[in-house]
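A.B. asks: structure for this input, please:
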Amino acid sequence: QVRLVESGGGSVQAGGSLRLSCAASGTFIRINDMSWYRQGLGNERELVASISSSGDTNYVDSVKGRFTVSRDNAKNTMLLQMNSLTSEDTAVYYCKAEVVAGTTLKLTFTSWGQGTQVTVSS
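C.D. replies: Residues are numbered from 1 along each chain as shown. Now for the predicted structure:
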């Protein structure tokens, strides 16, 4: 019912910037919290940043001051502006959304995107 598509990944040199985008489409009532996760080679998936529907944000310590998460509720999109990138940021980045859907019975479920690769070379 809900599809999340990430875009904006790519290769960049250390110190550079990238902006990731996540777009939600499908049939749903609303999206609550949205998040960015990442998974480097051989590592577990970790939460990078999250944003509530009202705009409250949280970041993992390693990206504070460098990454900024934002969203446009009207367009069902979320962005992740990544600055001062380092090789430690190399990973596949995933978008996650808590989606409310249904008619008579409203349910909340978690949807994931397919991921976008970010590679930072030193």
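A.B. asks: OK, contacts around the most centrally placed residue in the chain?
C.D. replies: Nearest residue to the geometric centre of the chain (Cα atoms, centre = their mean): residue 36, 2.8 Å. Residue 36 makes contact with 20, 22, 47-50, 69, 78, 80, 93-96 under the criterion Cβ atoms under 8 Å, 6 or more residues apart in numbering. C-beta here means a position set from N, CA and C on the backbone, and glycine is covered the same way.
A.B. asks: mind checking the SS state of it?
C.D. replies: strand (DSSP: H, G, I helix; E, B strand; the rest coil).
A.B. asks: kindly report the same for residue 68.
C.D. replies: strand.
A.B. asks: who's in contact with the closest residue to it other than its chain neighbours?
C.D. replies: Excluding the flanking residues, the one nearest residue 68 by Cβ to Cβ, 6 or more residues apart in numbering is residue 81, at 4.4 Å. The contact partners of residue 81, by Cβ under 8 Å, 6+ apart, come to 17, 19, 67, 68, 69, 70.
A.B. asks: need the per-residue pLDDT for the fifth one.
C.D. replies: Predicted confidence (pLDDT) at residue 69: the value is 98.
A.B. asks: then the one 10 residues further on?
C.D. replies: As summarised for this prediction, residue 79 has a pLDDT of 98.
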